[in-house]
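Undergrad: model this:
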Amino acid sequence: MTAGIILIIVLVGLLLVVVVVGMAAIGIYNKLVTMRNRYKNAYAQIDVQLKRRYDLIPNLVETAKGYMKHESGTLTAVTEARNIAYAASKGAASNPGDASAMKNLVSAEAGLGGALSRLMMVSEQYPDLKANQNMMQLTEELTSTENKISFARQAYNDSVMTYNTDREVFPSNLLAGMFNFAAAELFVIDKPEEKVAPKVSFS
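TA: From the prediction side, this is the model:
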């Protein structure tokens, strides 16, 4: 076998290795993109439900205002917490998975949950408000929305966990670092009392 043939065989072998490695890299890159899009889509489902809740809260406050004239501080706190959470959700929606945006959202949502819980506790002292049809309908819708947020959050966290795991394992971690596939932040409420949806039932 001449040196020329050996050289051709070596070059073909090297070319095949480059092609195989290149195809593997493309496959890994595409998988990371797919999983990143999956968790972003999962967050979009949370965002839909959060917006629905943010739209319900002003109606809830307005209905309660007619009955709770001496509780303006509580009503104001709910409105302010709602506005803070709404702003935080816009930040998270523009970049789902971003650690800073998600931490701001978690903190704002905990504040809103606490303010809503206080409103519901105070409203128990107003039988006429409890019996108000509009209030009952709003609180029922709010409870339903809280449950949907909970399910959507779980789906998002599952998608983030899968993405983060895949970007950390070899050889995906090489491409993740090279192409800036940053770790995504989970949407987790740490304190046990914050994991409970606000009590909004008047039954």
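Undergrad: and the contacts of the worst-scoring helix or strand of the chain on mean pLDDT?
TA: Using mean pLDDT, DSSP states H and E, the weakest-scoring helix or strand in the chain turns out to be helix 127-131, at a mean of 81. Applying CB atoms under 8 Å, 6 or more residues apart in numbering, the contact partners of helix 127-131 are Thr63, Ala64, Tyr67, Met68, Ser123, Glu124, Met135, Met136, Phe202. For every residue, glycine as well, the C-beta is placed using N, CA and C.
Undergrad: the residue nearest to the fifth one when sequence neighbours are not counted: neighbour count?
TA: Taking CB to CB, 6 or more residues apart in numbering as the measure, Ser123 lies nearest to Leu129, with 5.4 Å between them; neighbours along the chain are not counted. The local packing count at Leu129 equals 20, with neighbours defined by other CB atoms under 10 Å.
Undergrad: now do the contacts for the residue most central in space within the chain.
TA: Centroid-nearest residue in the chain, with CA atoms, centre = their mean: Tyr43, separated by 4.6 Å. Going by CB under 8 Å, 6+ apart, Tyr43 touches Ala92, Ala93, Pro96, Gly97, Tyr156, Phe187.
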